[in-house]
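> what's the 3D shape of this:
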Amino acid sequence: MAFMKGMRRTEHLLDRLAQEQDTVVSNLRLVTYYRHNAILKLLQMPNKDSVSLLEWSRTLSYLAEVNLSINSYGEVDAVLYELSKSSWP
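The predicted structure is shown next:
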């Protein structure tokens, strides 16, 4: 994913996902199309460990609309996979 190559630590993953789709962060949760695309981008993202687990917890909690505490990068993939199954009606 192109947006991840130059990601600075101060940038938030949700902001970058919204920017990539030329939308606002709230649409990533409220609009099925944007949510689905964001989840797919995250699934395809190489080097998921370049993003902190805290940032993953925030991002995935927002997209899932539940409070998640991500403790490993394996959990990131598992949650993304589950979200991808439910992201498109």
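
> contacts, neighbours, all on C-alpha from now
Noted.

> Need the residues that contact the one helix or strand Val76 maps to.
Counting by DSSP states H and E, the element that carries Val76 is helix 73-86. With contacts defined as CA atoms under 8 Å, 6 or more residues apart in numbering, helix 73-86 is touched by His36, Ile39, Leu40, Leu42, Leu43, Lys48, Asp49, Leu53, Trp56, Leu60, Ala64, Ile70.

> Pretty sure the first one sits against Leu43.
No: contact status for His36 versus Leu43: not in contact, 10.6 Å apart, counting by CA atoms under 8 Å.

> So the residue nearest to Asp49 when sequence neighbours are not counted versus Lys41, what's the distance?
Closest residue to Asp49 apart from its sequence neighbours, by CA to CA, 6 or more residues apart in numbering: Tyr73 at 6.7 Å. According to CA to CA, to the nearest Å, Tyr73 and Lys41 sit 16 Å apart.

> swap in Ser26?
17 Å.

> what's the weakest-modelled helix or strand in the protein?
Among the helical and strand segments of the chain, the one scoring lowest on mean pLDDT, DSSP states H and E is helix 2-5, with a mean of 44.

> and the next element down the chain from it?
Following helix 2-5 in sequence, per DSSP H and E, is helix 13-20.

> ok so, going back, tally of neighbours for the residue nearest to Asp49?
If you count neighbours by other CA atoms under 10 Å, Tyr73 ends up with 16.

> got it, and the one 10 residues further on?
Look at Leu83: counted by other CA under 10 Å, it has 19 neighbours.

> now Val31
10.

> got it, and the one 4 residues further on?
When neighbours are defined as other CA under 10 Å, Arg35 has 24 of them.
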